[in-house]
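# quick check, what structure comes out for this input:
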Amino acid sequence: MKRDDPARIQAWLKTVLVSRGDLAGKLTTAASAHGLALAEVVAGGYGASAERRLDVYAAGYVLRLVACLQEQYPALTAFMGEAMFAVFAKAYVVTHPPDSWRLEHLGRRFPEFLRETRPRQADAAGETFYALPAEIARFEWAKSQALTAPGFEGAAVGVVPGLGPLGYLGEACSVELPDCLRLETLRYDVPTFLAAFGADPKTPLPAARQTHLAVSRVDYRLTVLEVADWAHAFLVACRGGGSVQEAVAASSQATGQKASAIQAYLMLWLPTAIQFGLLRLR
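Numbering: from 1, shown residues only. Next up is the predicted model:
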């Protein structure tokens, strides 16, 4: 059993764990890549051969990662069922092995993986059934990121002192977004569907409807707000900094709505946006 090259052994073991195929195929791949045979790395004994010991470890490794993904995507697990979720999760782990020691990063590419690997259906019902898992995953990942990224906790987020109602739109007023804010545009109203599905698993699949979501956090509590297209464009524009007026102009250009109309909408919407932790005014 080799002990003189830990980095090489670690690379060999990673190849065995994340390569596709049965154990024999994995060992062939690892031997070709790193020049190490099983007997040089894993000792037998205690009533189990080296092959059996490695097989148990490899299976356990994947199952632990699948369990982590289930924790990150509980609504998706409930929708797909544990068995079907595990099939896609195992394929994902092999396709995109962990590249960070922090397990909260594990599911970062899972929504895109589901989108890329979904079957294609011609009829609307089949399209929704196969497209919905990726949409649910995007929503759940946005929520997990909103819970862990820095927010506005402990900071004043209200109206800039001295500004009246019209002061929201003053030239000197700028908008700051929290790092925890996540903006998602989904093909379905996923939050409404998940709420209904949680109460009744026989809930019909939703009809396609473009849904703009702003996911954030207030006092360490998650907030989810559906926003209009102009508000979504406004928030996207605010990511680049600048004044409220500049974000209004960008939203107007993106949506085709008049800037004066967006200014009027803002008079009513900004207090809600502040309350939900989507932004603060400076």
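
# if I look at residue 105, how far off is residue 89?
Here residue 105 is placed at a distance of 15 Å from residue 89 (Cβ to Cβ, to the nearest Å). Placement of C-beta: from N, CA and C, glycine included.

# which of those two has more residues huddled nearby?
residue 89 (29 against 12; other Cβ atoms under 10 Å).

# which residue ranges of this protein form strands?
Assigned by DSSP state E, the strands in the chain fall at 175-176, 182-186, 211-218, 221-227, 280-281.

# can you give me how far the first one is from the chain middle?
Put plainly, it is strand 175-176. Strand 175-176 sits 24 Å away from the centroid of its parent chain (Cα atoms, centre = their mean, to the nearest Å).

# same check on the fourth one?
On the basis of Cα atoms, centre = their mean, strand 221-227 sits 15 Å off its chain's mean C-alpha point.

# relative to strand 211-218, how tilted is that strand?
Taking axes from the mean of the first three to the mean of the last three Cα atoms, to 10 degrees, one finds strand 221-227 and strand 211-218 inclined to each other by 150 degrees.

# show me which residues of strand 221-227 are buried.
Buried positions in strand 221-227, judged by neighbour count with 16 or more other Cβ atoms under 10 Å: 223, 224, 225, 227.

# residues touching residue 75, list them.
136, 139, 140, 194, 197, 198 (Cβ atoms under 8 Å, 6 or more residues apart in numbering).

# in helices, which of those residues fall?
Residues of the contacts of residue 75 located in helices (DSSP state H): 136, 139, 140, 194, 197, 198.

# mind checking which of those are buried?
Buried among the ones in helices among the contacts of residue 75 (16+ other Cβ under 10 Å): 136, 139, 140, 194, 197.

# is the third one in contact with residue 77, as I believe?
No: proximity of residue 140 to residue 77 does not meet the contact threshold set by Cβ atoms under 8 Å, at 9.6 Å.

# switch the contacts of residue 75 over to JSON lines; also include distance to residue 115 and pLDDT.
Output for the contacts of residue 75, formatted as JSON lines (distance: Cβ to Cβ, whole Å; pLDDT from 0 to 100):
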{"residue": "136", "distance to residue 115": "11", "pLDDT": "98"}
{"residue": "139", "distance to residue 115": "13", "pLDDT": "98"}
{"residue": "140", "distance to residue 115": "14", "pLDDT": "98"}
{"residue": "194", "distance to residue 115": "18", "pLDDT": "97"}
{"residue": "197", "distance to residue 115": "20", "pLDDT": "96"}
{"residue": "198", "distance to residue 115": "23", "pLDDT": "95"}
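
# look up how far residue 152 lies from residue 178.
Going from residue 178 to residue 152 by Cβ to Cβ gives 5 Å.

# what is in contact with those two at once?
Residues touching both residue 178 and residue 152 (Cβ under 8 Å, 6+ apart) are 277, 280.

# hang on, isn't residue 143 packed against residue 224?
Yes: assessed by Cβ under 8 Å, residue 143 is found in contact with residue 224 at 7.4 Å.

# state the pLDDT value of residue 91.
Residue 91 is assigned a predicted lDDT (pLDDT) of 92.

# contact partners for it?
113, 117.

# please tell me how far it sits from residue 65.
From residue 91 across to residue 65, the span is 12 Å (Cβ to Cβ).

# same question for residue 18.
With Cβ to Cβ as the criterion, residue 18 and residue 65 are 10 Å apart.

# could you do residue 219 as well?
Relative to residue 65, residue 219 is positioned 33 Å away (Cβ to Cβ).

# contacts only, for residue 258.
Residue 258 sits next to residue 252 when contact means Cβ under 8 Å, 6+ apart.

# what do you get for residue 145?
180, 182.

# mind redoing it with 6 Å?
residue 182 (Cβ atoms under 6 Å, 6 or more residues apart in numbering).

# change the start of the numbering to 368 and stick with it
Shifting the count to begin at 368 puts that one at residue 512.

# mind checking pLDDT for it?
pLDDT, read off for residue 512, is 95.

# check residue 532 too.
On the pLDDT scale, residue 532 gets 45.

# next: residue 643.
Per the predicted model, pLDDT is 94 at residue 643.

# quick one: the helices in the stretch 418-567 of the chain?
441-447, 449-462, 477-484, 491-515, 557-566 (DSSP state H, counting those that start in this stretch).

# quick one: buried residues of the lowest-mean-pLDDT helix or strand in the chain?
Within the chain, no helix or strand scores below helix 405-408, which has a mean of 80 by mean pLDDT, DSSP states H and E. For helix 405-408, the buried set under the neighbour-count rule, 16+ other Cβ under 10 Å, comprises 405, 408.
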